[in-house]
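**Student:** From the sequence below, what's the structure:
(2 chains)
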Amino acid sequence: MSNFEIVKREDFSDVTFLLEIRHPLMAKAAKPGQFVIVMLNENGERVPLTIADFDRSKGTVTLVIQAVGKTTKQMQQECKVGTSLYGLVGPMGIPTPESHAKKVVCVGGGLGVAPVYPQARALKESGAYVIGVIGFRTKDLVFWEDKFRAICDELIICSDDGSVGLHGRVTAGIEQAIKKHTDIDEVIAIGPPIMMKSCAETTRPYKIKTMVSLNPIMVDGTGMCGGCRVKIGDQVKFACVDGPDFDGHLVDFDDLMTRLRRYTKEERMALDHWEKGCRMQKSIDKAVDAAQTK
Amino acid sequence: MREQDPAVRARNFDEVACGYHPDDAMRESERCLFCPDQPCVSGCPVGINIPGFIRKINEKDLRGAYDILTETSLLPAICGRVCPQENQCEGQCTVGQTLEPVAIGRLERFVGDTAIREGWANIPYIEPTPFKVGIVGSGPAGMACAADMAKAGCDVTVYEAFHQAGGVLKYGIPDFRLPNAVIDAEINNLKKLGVKFECNTLVGRLFTLEQMITEMGYDAVFVGVGAGYPTMLGIPGDSLNGVLSANELLTRCNLMRAKEFPSFDTPQPIGKRVAVVGAGNTAMDAMRVSLRLGAEKVYCIYRRSHKEAPARAEEIHHAEEEGVEFHWLTHPVAILDDGHGNVMGMRCVRMELGEPDASGRRRPVPVPGSEFDFECDLIVYAIGTNANPIMGQTSGLRLNKWGYIDTDENLATSLAGVFAGGDIVTGAATVIEAMGAGRRAAASMKAYLGIRDSNRPYRTGGDTLFGIDTSERNFARIRA
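**Tutor:** Okay, here's the model as predicted:
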């Protein structure tokens, strides 16, 4: 199990891309709500990524990644079909429990659209009425609209700049759904912490149960280091083994967002160091080419 | 034994104790009295034939010494470095009653290192048996169990959640105490015995324990997943940026090589002043790693006194030499925020020892009005761990009330064919105790599977029939 080969790659935009990775055992075991930890190479860091999809017959798991920092940008550059990851472990986390909800709003913000997909699909398969709300900054960043249409009874697309669908954030989409349906049992919201926080605040006055999927910084992902600790109500939980799904109305999002910033300086250093290395490599390649064509 | 100078070694990850020169080892081996009652052997959790291997060193037969060691302990280069010998073999040594005890640990390390350097590996002829054995966790318990089961002829696979095998030996114990190269050499010896290692495998989630027995064809399974769910103090400021568990600090540094950031991607910024809460071996490791990561000042905050500190004597001594500032009888009450969610300092209270508690140690009580603040940038909690929850979440194993796996005296769990040992059963303990548990579980697994060792008498003291013990009749498998 030392080879985690990439069998498909799709670029949704110049920041978001999809990788489908062969891992038959994980494809068989993966359930909605779970995540993996990835290492790109031997020098790499351990990065948690939610499982966006899994195909048990093909034996693959799918990750949707946004290139924001050194590791994800390097993955964007290096992970092509036929290459392999150095480390891939999972599925981690407690799977989303089977819901008996009859009507659910599944909200995905930006990259969060990917991890909310398997949860929405599972709800549809269990017979619930699924209202999808997917939000992007602008029309060019939209992905998986067709996949959502296939499994949602209603789909509301939102864009920050109004270029497609509802002009507004996903919270506007939630409000629209709540106004139309008075019998919503549950809202699932996945996306950047600030988005999940706003969704939770939007549903709080209506007392609708809201589940979120938290994304703190992780190292081992097996409950051993405590780096991913989050405050849920008056308790401290580890997102990797007690989550990653939690009740959005109990999560201390401000604490999560503060803790997510604890390596900002090092993240900057790592990106600068890598980009400098890339530039040096480019000039070396250019010089070699020039010398060879002489 | 020659050691690196404290001022120099506090800034590098090379081993502190440089190991014996062969002449030193000879001289030390001559100090052994070879006393008849062998208290050292009874002090050893795995019962190594200590006078035996020391005599071989004396006879300049290092290969013979290695042979004796590997009969009981497969990992001499590891045990020699990390065992708390002062509480075990050396603590019982007859010579130690009047003089310094024979340096058994250092001699064991000397033989283990010689073996690695010379490439010795004791691979006996192994008669294969038709059993498939799974080991969950590649730490000391799993490695010891794997070795015994492989020598018994079973097809052994060790599963590890991390991307590298070794468990706590790799991520927990720093390179200057136990170099990763030594661990990898011992893992290679296991591979030569036929043991397979599958990393990047989280048993419980990728497949369950039950699936191992029912679907994957395993005849017996050993669970040695450790107890590393860190305890936080539960005081205000616990979740500020700059507070972390010792496990996180050590994993970032030992396994993910944070010292070499940004060549290695995992960072561990250390700040100028680091306070470590706790005084066990993990705390000592955290303090000394902090020095090597570049901290100017490192403090040890412990609520009891030096005498009660649980760490290995040599580690406390080395930490003192390297310049760690010890604050005994001190306990944190709050972590102070700099206003932006980062650690600025710590508020502590002085303690004094009162009446003994249930464990027999005198309970520390706060001295009223003794609160004081001090500045620091990083705070590391090394105050203990709890059971890892994944096994309990994903299998039907019976747990005890603290979440550890419930076993009987043979280390059998409530699932037939599944055995467990090490920290996940006992709570946080030492490497050698985990290895001892791995070996005891292997003995139980062999009995469960019906494998018998030819060098163990199975006398039941009953009748014989045609000269054969009646209890032997039904055994079809006797290993040569």
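
**Student:** For B:Asn254, give me phi and psi.
**Tutor:** Main-chain dihedrals, B:Asn254, degrees, to the nearest 10: phi -80, psi -40.

**Student:** does it really touch B:Gly172, like I thought?
**Tutor:** Yes - the criterion here is CB atoms under 8 Å, and B:Asn254 meets it with B:Gly172 at 6.9 Å. Any C-beta I mention is one placed from the backbone N, CA and C, and that applies to glycine too.

**Student:** Quick check: residues of the stretch 1-150 of chain A near chain B?
**Tutor:** Selection of the stretch 1-150 of chain A residues close to chain B by CB under 8 Å from any CB of the partner chain yields A:1-2, A:4, A:25-26, A:29, A:34, A:39, A:43-46, A:70-71, A:86-92, A:94.

**Student:** Restricted to helices, list those residues.
**Tutor:** Filtering these for membership in helices, criterion DSSP state H, returns A:25-26, A:29, A:70-71.

**Student:** In the stretch 51-200 of chain A, which residue sits closest to chain B?
**Tutor:** A:Gly87 (3.9 Å; CB to the nearest CB).

**Student:** Report the beta-bridge partners for that residue.
**Tutor:** Beta bridges link A:Gly87 to A:Met39, judged by DSSP bridges.

**Student:** Let me see the contact set for it.
**Tutor:** A:4, A:37-39, A:44, A:46, B:163, B:199-200 (CB atoms under 8 Å, 6 or more residues apart in numbering or on different chains).

**Student:** can you put those residues in JSON lines and add distance to B:Trp402, neighbour count and pLDDT?
**Tutor:** Shown next, in JSON lines, are the contacts of A:Gly87 (distance: CB to CB, whole Å; neighbours: other CB atoms under 10 Å in any protein chain shown; pLDDT from 0 to 100):
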{"residue": "A:Phe4", "distance to B:Trp402": "36", "neighbour count": "22", "pLDDT": "94"}
{"residue": "A:Ile37", "distance to B:Trp402": "27", "neighbour count": "25", "pLDDT": "97"}
{"residue": "A:Val38", "distance to B:Trp402": "33", "neighbour count": "26", "pLDDT": "96"}
{"residue": "A:Met39", "distance to B:Trp402": "33", "neighbour count": "23", "pLDDT": "96"}
{"residue": "A:Gly44", "distance to B:Trp402": "36", "neighbour count": "21", "pLDDT": "94"}
{"residue": "A:Arg46", "distance to B:Trp402": "28", "neighbour count": "24", "pLDDT": "95"}
{"residue": "B:His163", "distance to B:Trp402": "30", "neighbour count": "19", "pLDDT": "95"}
{"residue": "B:Cys199", "distance to B:Trp402": "29", "neighbour count": "18", "pLDDT": "96"}
{"residue": "B:Asn200", "distance to B:Trp402": "29", "neighbour count": "25", "pLDDT": "96"}
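
**Student:** hmm, back to that, would you list the buried entries among the residues of the stretch 1-150 of chain A next to chain B?
**Tutor:** Among the residues of the stretch 1-150 of chain A next to chain B, those scoring as buried are A:4, A:26, A:29, A:34, A:39, A:43-46, A:70-71, A:87-92, A:94 (criterion: 16 or more other CB atoms under 10 Å in any protein chain shown).

**Student:** what do B:Asn254 and B:Gly172 both touch?
**Tutor:** Common neighbours of B:Asn254 and B:Gly172 (CB under 8 Å, 6+ apart) do not exist.

**Student:** could you pull out the helices for the stretch 251-400 of chain B?
**Tutor:** For the stretch 251-400 of chain B, helices defined by DSSP state H, counting those that start in this stretch occupy the ranges B:281-292, B:313-321, B:390-394.

**Student:** got it, and the stretch 1-150 of chain A?
**Tutor:** Per DSSP H, counting those that start in this stretch, the stretch 1-150 of chain A carries helices over the ranges A:24-29, A:70-78, A:113-125, A:145-151.

**Student:** Put together a markdown table for those helices, with distance to A:Ala189 on each row.
**Tutor:** Shown next, in a markdown table, are these (distance: least, CB to CB, whole Å):
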| stretch | distance to A:Ala189 |
| --- | --- |
| helix A:24-29 | 25 |
| helix A:70-78 | 22 |
| helix A:113-125 | 8 |
| helix A:145-151 | 15 |
